[in-house]
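1. Okay, structure incoming, though there's no sequence with it:
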């Protein structure tokens, strides 16, 4: 061994020892800073705390800990404390009754690295955040969300989706790419003023990037708590990939924004990009709600949330329908009797289709497979209390929506697919308070109305035209899903068989 190699080894040992000492100090200081009435926590490993316990299926592990430690407990995630809120009562106390304290967003390494706090979803709470949310909501409404005027464009995407499925008739196929194209083009039309064809290579690459981003967020979660680990081989590669994929995604979007600038007319707003440009045009200066450098982050939030979550919900829906043919037939019979097979039922007629609506409510991520089981991370903006525990300011808070939708106290046999649970004794749809697939409170999902309309129209149009089946003789698919930022079904193939009516 040469002197140079010895010196290198010694240097690495010293660096590692220094980092280890620093992490120990941060962990020790963090523990000392806890208030006396801080929520209890499960035992963890030195330095890492509970990090390794949440690498796979964190929503299930958190729900299991709830049974032991109660609705509010804490985790030690490396040097940081995280408070986990479970169950309907505790979540409503935090996000509704004490929303002013629990509506901030944490400064995460992964989101800071790509400037996503300049968008809507991860923006820090405050007057600016609420103004941006109002702007986002008013932009959606301006382009028809929550109104009948939007339905024709969604129905057109429904017809295109049915045509794509028709071309696959008799074959086993993965419906994911078709579903992402359909839901993506709904939000594309609103946000970008355009739609893309399935053979557009640039858009196909963009869809792949969105998928990778959602999966990478969980894989690289440790970096949110130990950012210095981004220099460690392996994690360094994850960090690089995270930044590269996000950068390519933003470049694709920035080109579209630049094209809009060239043809922008303040008297004619074509889409949400134009709404953003108009805001910048009318409100120049330090007090402007939007600045040019955060338009792409705002639009990126619209596109990512509007594409991935709805497509995932539809994918779960088709899988559960294929596994439950009796329920599928009942929905089809109701659709046939009330609206027939030629007309896609308007969203306004959903009350005439209680069985259909109840089935869609139970399917679409909404309960049995909540698409975003841990919601988006929250953070306390000031010292507060919850369920008798004291929680300091700037504490990261995880809202476990999975614990609500799989709670046997509210849902009989929660693991069982049963749309009937959403119908009262008179056959009308009833929505329990423990149903919150879009979260609740001040940071509730802005796209709730759009998602509900999309899911209703897409599923009814598909069920009018097709019966869905899984491969003959194949084992029952693994329904645990794959967790990233969303809970995806594990890859599966399905048959779409045209109905003879």
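-> Noted; the coordinates are in hand. Keep in mind the model is a prediction, meaning the values are calculated, not measured.
2. Doesn't residue 398 belong to a strand?
-> Yes. Assessed with DSSP: H, G, I helix; E, B strand; the rest coil, residue 398 lies in a strand.
3. What number of neighbouring residues does it come out with?
-> 22 (other CB atoms under 10 Å). Placement of C-beta: from N, CA and C, glycine included.
4. What are the phi and psi values at the residue nearest to it when sequence neighbours are not counted?
-> Distances taken as CB to CB, 6 or more residues apart in numbering put residue 84 closest to residue 398, at 4.9 Å, once the chain neighbours are dropped. Backbone geometry at residue 84, expressed as degrees, to the nearest 10, gives phi -110, psi 130.
5. Residue 114 is in what secondary structure piece?
-> Counting by DSSP states H and E, there is no helix or strand that carries residue 114.
6. show me where the stretch 401-501 of the chain has helices.
-> 401-405, 448-465 (DSSP state H, counting those that start in this stretch).
7. and the shortest one, what's its mean pLDDT?
-> Okay, so that is helix 401-405. Mean per-residue pLDDT for helix 401-405: 96.
8. just the longest one next, same as before
-> With pLDDT averaged residue by residue, helix 448-465 scores 94.
9. how far does that helix sit from the chain's center?
-> In terms of CA atoms, centre = their mean, to the nearest Å, the centre of helix 448-465 is set 18 Å apart from its chain centre.
10. So which elements touch that helix?
-> On a contact count with 3 or more CB pairs under 8 Å, 6 or more residues apart in numbering; DSSP states H and E, helix 448-465 meets helix 151-167, helix 176-191, helix 295-323, helix 325-338, helix 354-363.
11. Same list (those) but as CSV, adding distance to residue 427 and mean pLDDT.
-> Formatted as CSV, the helices and strands packed on helix 448-465 follow (distance: least, CB to CB, whole Å; pLDDT from 0 to 100):
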stretch, distance to residue 427, mean pLDDT
helix 151-167, 26, 96
helix 176-191, 30, 96
helix 295-323, 21, 92
helix 325-338, 11, 93
helix 354-363, 6, 81
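12. Just tell me which of those helices ends up closest to residue 62.
-> Nearest of the helices and strands packed on helix 448-465 to residue 62, taken as CB to CB: helix 295-323 at 20.0 Å.
13. Helix 325-338 and the closest one, what's the angle between them?
-> 100 degrees (axes from the mean of the first three to the mean of the last three CA atoms, to 10 degrees).
14. quick one: helix 295-323 to helix 448-465, angle?
-> Using the same axes, to 10 degrees: helix 295-323 against helix 448-465 is 40 degrees.
15. In the protein, where is pLDDT below threshold?
-> 1-33, 284-288, 362-365, 501 (pLDDT under 70).
16. coming back round to it: as TSV, the helices and strands packed on helix 448-465 with mean neighbour count would be great.
-> Shown next, in TSV, are the helices and strands packed on helix 448-465 (neighbours: other CB atoms under 10 Å):
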stretch	mean neighbour count
helix 151-167	17
helix 176-191	23
helix 295-323	24
helix 325-338	16
helix 354-363	24
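17. so which of the ones you listed comes closest to residue 479?
-> helix 295-323 (7.8 Å).
18. now that closest one: how far from the chain's centre is it?
-> Counting by CA atoms, centre = their mean, helix 295-323 comes out at 8 Å from the chain centroid.
19. can you check stretch 224-239 too?
-> Counting by CA atoms, centre = their mean, stretch 224-239 comes out at 24 Å from the chain centroid.
20. Not counting that stretch itself, show me its contacts.
-> With contact meaning CB atoms under 8 Å, 6 or more residues apart in numbering, stretch 224-239 is reached by 19, 23, 51, 77-80, 108-110, 113, 216, 219-220, 222-223.
21. Which among the helices of the stretch 401-501 of the chain is found nearest to residue 248?
-> helix 448-465 (26.1 Å).
22. How about the contacts made by the residue nearest to residue 398?
-> 62, 65-66, 72-75, 397-398, 400.
23. run the last query once more with 6 Å
-> Contacts for residue 84 (CB atoms under 6 Å, 6 or more residues apart in numbering) come out as 62, 73, 398, 400.
24. Confirm for me that the last one is in contact with residue 60.
-> No. Using CB atoms under 6 Å as the test, residue 400 is too far from residue 60 to be in contact (10.2 Å).
25. These two: which has the busier surroundings?
-> residue 400 (25 against 16).
26. so how far is the first residue of stretch 144-160 from its last?
-> One end of stretch 144-160 to the other measures 20 Å (CA to CA, to the nearest Å).
27. Among the contacts of stretch 224-239, name the ones in strands.
-> When DSSP state E is applied, the contacts of stretch 224-239 are split such that 77, 80 fall in strands.
28. Buried ones among the contacts of stretch 224-239?
-> Neighbour-count burial (16 or more other CB atoms under 10 Å) applied to those gives 23, 51, 77-80, 108-110, 113, 216, 220, 222-223.
29. tell me which of the residues you listed is nearest to residue 459?
-> Distance ranking of the buried ones among the contacts of stretch 224-239 against residue 459, using CB to CB, places residue 216 first at 29.3 Å.
30. Fine by me, thanks again.
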